[in-house]
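# From the sequence below, what's the structure:
(one chain, ligands or ions: 2)
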Amino acid sequence: MSPLALVALGGHAVLPKAQRPTIGRQFLYTRRAMRQVLLLVRQGWGLVITHGNGPQVGHILIRAEAARSKAYPIPLSVAVAESEGEIGYVIQQSLYNELSVAGIPRPIVTVLTQVLVDRDDPAFQQPTKPVGPFYTDAQAAPLRRKGLPMAYFQGYGWRRTVPSPRPLRIIEGETVRKLAQQDVIVIAAGGGGIPVAEVRGRLVGVDAVIDKDLASAVLAQGIQADVLLLLTDVRKVALAYQTPGQVDLDTMTVAQAEEYLAQGHFPPGSMGPKVEGAVQFVKAGGQRAIITTPEALPLALAGEDGTQIVP
Ligand code: ADP
Ligand code: MG
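Ligands and ions are numbered 1, 2, ... in the order given. Okay, here's the model as predicted:
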């Protein structure tokens, strides 16, 4: 059986921060990332791909908001499902084309993925994750009166905030594992997955957003991946990031990573969940996790680039 890699594409790995999101750019940057992924296929890796959805889900919500009097409203869980379809399609087609041009065609499927969270997760008492459009004071006032949690961003305006509970279980995880075992390339758990909770033995969608790095770690555990690759826009994780004393890390053990996390080197909204996900995966028996860019991926797999997180 081929070794199995879970490749998590950061939103910023496929859509640079400075770029306004468009479908054309999504294809452009996804194609670039898929050329690196192609090298993994050539090396004989089985693949499961996850991805972020920040800009896309934001724009889905902006469309829904702008069309409020003409189209039915959608809950956040449905917006996440829609974004998995949109991004899954872009990745599926881009990778299909790369593989067929290279003469190594593979079946590729996108799995709409539900991820179980606990309705009693403390995150539900503290909605911290900003999503969707910015609102002016006047637009925000009635929403805030209705009790919708919102946060103010100086210079930009108000934005809705939603809870980000911890992922507990990937509902379609076993299906993803079986497909990957049959050499199907699977795109799953996009945007952290569609958040669902169990209510009296049944799944229901909840208004939340699950961190995609943590969901990727849970999925990597579930499919018994050999390596967890977290791809973003920095080649290495650093200590004292963006200070004169910055130190790029080649390797960190789980114990070191936990210490650095506790010292506050990795902020909650960006590098924090990646390092946390890497630690969780390796602690659960994974051989290693790597945090790097798509470009550095081949060298990083050979242990010569990126930051390796090891037991
Ligand atoms: P993604 O969309 O890939 O999840 P994020 O913005 O969430 O991207 O996380 C990657 C970002 O984390 C980098 O662009 C970098 O600016 C930031 N970052 C914060 N702390 C660190 C650190 N200690 N080392 C490296 N990058 C860091
Ligand atoms: Mg991120």
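# average pLDDT across stretch 168-175?
Averaging pLDDT along stretch 168-175 yields 98.
# Going forward, the N-terminal residue is numbered 57.
Sounds good: first residue 57 from here, last item stretch 224-231.
# Now tell me what touches that stretch from outside.
For stretch 224-231, contacts defined as C-beta atoms under 8 Å, 6 or more residues apart in numbering pick out 167-174, 232, 244-245, 249, 252, 259, 271, 274-275, 278-279. Every residue, glycine included, has its C-beta placed from N, CA and C.
# So, low pLDDT: which residues of the stretch 157-306 of the chain?
Of all residues in the stretch 157-306 of the chain, none has pLDDT under 70.
# ok, which stretches of it are helices?
Using DSSP state H, counting those that start in this stretch, the helices of the stretch 157-306 of the chain run over 193-201, 229-237, 268-278.
# gap between the first one and the chain center?
Relative to its chain's centre, helix 193-201 lies at 30 Å (C-alpha atoms, centre = their mean, to the nearest Å).
# list the buried ones in that helix?
For helix 193-201, a neighbour-count test (16 or more other C-beta atoms under 10 Å) marks residue 196 as buried.
# residues in the chain within reach of ligand 1, list them.
Residues of the chain lying close to ligand 1 (C-beta under 6 Å from any ligand atom) are 66-69, 108, 288-290, 293-294, 297, 321-323, 326-327.
# Cross those residues against strands and list the overlap.
residue 294 (DSSP state E).
# Just the buried ones out of the residues of the chain next to ligand 1, please.
66-69, 108, 288, 290, 293-294, 297, 321-322, 327.
# Quick check: of the residues you listed, which lies closest to ligand 1?
Among these, residue 66 lies closest to ligand 1 (C-beta to the nearest ligand atom), at 1.8 Å.
# Residue 289 is in contact with that closest one, correct?
Yes. Assessed by C-beta atoms under 8 Å, residue 66 is found in contact with residue 289 at 6.8 Å.
# Now do the same contact list for the spatially most central residue of the chain.
Compute the mean C-alpha point of the chain, and by C-alpha atoms, centre = their mean the closest residue is residue 268, 3.0 Å away. For residue 268, the contact set (C-beta under 8 Å, 6+ apart) comprises 64, 66, 106, 107, 108, 109, 245, 246, 247, 248.
# let's see it at 6 Å
Going by C-beta atoms under 6 Å, 6 or more residues apart in numbering, residue 268 touches 108, 247, 248.
# And the second one, how close does it get to ligand 1?
Here residue 247 is placed at a distance of 11 Å from ligand 1 (C-beta to the nearest ligand atom, to the nearest Å).
# wait, isn't that residue in contact with residue 110?
No. Using C-beta atoms under 6 Å, residue 247 makes no contact with residue 110, being 7.8 Å away.
# Setting aside sequence neighbours, what's the nearest residue to residue 158?
Distance criterion C-beta to C-beta, 6 or more residues apart in numbering; nearest residue to residue 158, sequence neighbours excluded, is residue 94 at 5.9 Å.
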